[in-house]
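K.L.:
Coordinates for the following, if possible.
(chains A, B, C and D)
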Protein chains: 2
Amino acid sequence: MGRPREFDTDQALESAMRVFWARGYEAASLAELTAAMGITKTSMYAAFGNKEELFRKALQRYGAGPAAYAMRALGEPTARAVAVAFLRGAVRTTTPPGGPTGCLTVQGALASSDDGRPVHDLLVDWRNDAGVRLEERFRRAVAEGDLPPGADPRRLARFIMTMGFGVAVQAANGLGPAELDEIVDTALLAWPS
Amino acid sequence: MGRPREFDTDQALESAMRVFWARGYEAASLAELTAAMGITKTSMYAAFGNKEELFRKALQRYGAGPAAYAMRALGEPTARAVAVAFLRGAVRTTTPPGGPTGCLTVQGALASSDDGRPVHDLLVDWRNDAGVRLEERFRRAVAEGDLPPGADPRRLARFIMTMGFGVAVQAANGLGPAELDEIVDTALLAWPS
DNA sequence: ACGGTTCTGCACCGACCGGTACTTAACTAC
DNA sequence: GTAGTTAAGTACCGGTCGGTGCAGAACCGT
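P.N.:
Have a look, this model is predicted:
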């Protein structure tokens, strides 16, 4: 009951996510966010709480959308296939045809003022969690004989994550998917046979 | 002639560089910068011009100091030694015992508002230039027979740069030098024999 | 001693920051 | 029709942003 909302919250959140993606958390002003969302500040606060909450929800949406490749990659049958799917996914997501380059979780708040500390820490945790999940998947691969017995799952996971972060920076640097795929091919030469 | 300056510009610039390093360009406020430099805003403007000029000079100092490892690495005798020196240097610089973690050129302005665009572009150029110099060094290595004839210098340079950027993000994520060195060791398995 | 020059410290500028109080509009239940 | 509820729009809040005008202080050459 009450007056119905005149905008689509999913759509507005998608727009906000793109602004955060392009600008980072702190540099994305409420004025630019709400302009992109097509609503007023008042409506944003009523619907999402505040700027930080809006970012948290945008990050959630990012994880379920553009960054879903990371979870999907874990489902690949072999450790090598997981690594390949993960890095190819990173390349695609960081170089979308009609969207911001780079990775929201990397450029969202790599460095920040004291005010942005909560979001900074949130993203640190997000990135580390992704590494832990990759590590667990590789540990399973060792148990399944899919990786050599001497392989170090944690080390391999960190290596793949590091490449992913590097790809995100290179994408922000202007490299395209073809060039990034080449880099990924080179990196995969390090993968244990 | 005129009243002599009461502070050491080099020392003040060093302090400013550290603040930019920890906060990034836009999130570093003039208040925090000048507090760290031990001078007033007026003195800063008189000595360095404005915030953007201060950053440019801090970046120059960063290149000549903490990031000098990059230029130094180019002087190594073999391509492999260059790659090793470059990545080990990146690890050391992004995890200083008593300084900010990560890399100033990466977290300085990966994403920014419109106001920060000039600095953003400056850092993009800085990072790309580093890659080009590495590429030129590897091209020379191919000519000298130091790398296999089929090796692709550009691709190898981009791979090493990507690892360097990834290391910078992992350092900001909290990883220490020992863990980062492990990651570098893993990456170097991809290096052509 | 004195004019010229440069640096310092304080107060202040307009603009924008994230966030909100309040009025009005649009709906539902009765 | 009317009371209750929620959304939308405007106008505003104190605080901070990068940047500056101005007066006085510290030096130089003469």
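K.L.:
rest of the way, CA atoms for contacts and neighbours
P.N.:
Fine.
K.L.:
Identify the spatial nearest neighbour of residue A:54, chain neighbours not counted.
P.N.:
residue A:48 (5.5 Å; Cα to Cα, 6 or more residues apart in numbering or on different chains).
K.L.:
Kindly give the local confidence score, pLDDT, for the one you found.
P.N.:
pLDDT recorded at residue A:48 is 98.
K.L.:
Quick one: mean pLDDT for the lengthiest helix in chain A?
P.N.:
Identified as the longest helix of chain A according to DSSP state H is helix A:117-143. Mean pLDDT, helix A:117-143: 98.
K.L.:
Show me what that helix is packed against.
P.N.:
helix A:79-94, helix A:104-107, helix A:153-172 (3 or more Cα pairs under 8 Å, 6 or more residues apart in numbering or on different chains; DSSP states H and E).
K.L.:
From DNA strand C, how far out is the residue nearest to residue A:54?
P.N.:
10 Å (Cα to the nearest atom of the strand, to the nearest Å).
K.L.:
Ramachandran angles for that residue?
P.N.:
Backbone torsions for residue A:48, taken as degrees, to the nearest 10, come to phi -120, psi -10.
K.L.:
Please work out how many residues are found near it.
P.N.:
Neighbour count of residue A:48, defined by other Cα atoms under 10 Å in any protein chain shown: 16.
K.L.:
Equivalent analysis for residue A:47, please.
P.N.:
For residue A:47, using other Cα under 10 Å, the count is 12.
K.L.:
need the contact list for it.
P.N.:
Contact analysis of residue A:47 by Cα atoms under 8 Å, 6 or more residues apart in numbering or on different chains lists residue A:9.
K.L.:
What helix or strand is it located in?
P.N.:
helix A:41-48 (DSSP states H and E).
K.L.:
Residue A:34: which element?
P.N.:
Applying DSSP H and E, one finds residue A:34 within helix A:30-37.
K.L.:
wait, does that helix contact DNA strand C?
P.N.:
Yes - for a cut-off given as Cα under 7 Å from any atom of the strand, helix A:30-37 has contacts with DNA strand C, namely A:30-31.
K.L.:
what's that helix packed up against?
P.N.:
helix A:9-23, helix A:41-48.
K.L.:
now with 10 Å?
P.N.:
helix A:9-23, helix A:41-48, helix A:51-64 (3 or more Cα pairs under 10 Å, 6 or more residues apart in numbering or on different chains; DSSP states H and E).
K.L.:
okay, the ones you listed in a markdown table with distance to residue B:52 next?
P.N.:
Shown next, in a markdown table, are the helices and strands packed on helix A:30-37 (distance: least, Cα to Cα, whole Å):
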| stretch | distance to residue B:52 |
| --- | --- |
| helix A:9-23 | 18 |
| helix A:41-48 | 31 |
| helix A:51-64 | 27 |
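K.L.:
Quick check: which of those helices is buried the most?
P.N.:
helix A:9-23 (a mean of 21; mean count of other Cα atoms under 10 Å in any protein chain shown).
K.L.:
Give me the mean pLDDT for that one.
P.N.:
Helix A:9-23 comes out at a mean pLDDT of 98.
K.L.:
Hey, what's the angle from it to helix A:153-172? Just curious.
P.N.:
80 degrees (axes from the mean of the first three to the mean of the last three Cα atoms, to 10 degrees).
K.L.:
anything in helix A:9-23 near DNA strand C?
P.N.:
No - using Cα under 7 Å from any atom of the strand, helix A:9-23 never reaches DNA strand C; the gap is at least 10.6 Å.
K.L.:
can you list the residues of chain A near DNA strand C?
P.N.:
A:1-4, A:26-31, A:41-42, A:45, A:50-52.
K.L.:
quick revisit: in the longest helix of chain A, which residues are buried?
P.N.:
By neighbour count with 16 or more other Cα atoms under 10 Å in any protein chain shown, helix A:117-143 contains the buried residues A:119-120, A:123-124, A:126-128, A:131-135, A:137-142.
K.L.:
What confidence value was assigned to residue A:1?
P.N.:
82.
K.L.:
Report how many residues lie close to it.
P.N.:
Residue A:1: 3 neighbours (other Cα under 10 Å).
K.L.:
so who does residue A:5 touch?
P.N.:
By Cα atoms under 10 Å, 6 or more residues apart in numbering or on different chains, the contact list for residue A:5 reads A:43, A:47.
K.L.:
now with 6 Å?
P.N.:
With contact set as Cα atoms under 6 Å, 6 or more residues apart in numbering or on different chains, residue A:5 has no partners.
K.L.:
what does residue A:187 give?
P.N.:
Per Cα under 6 Å, 6+ apart, neighbours of residue A:187: residue B:190.
K.L.:
Show me which residues of chain A are close to chain B?
P.N.:
A:23-24, A:27, A:107, A:110-113, A:124, A:159, A:162-163, A:165-166, A:173, A:183, A:187, A:189-190 (Cα under 6 Å from any Cα of the partner chain).
K.L.:
Pop the domain breakdown of chain A in here.
P.N.:
Chain A breaks down by automatic domain parsing into domains covering A:9-62, A:67-188.
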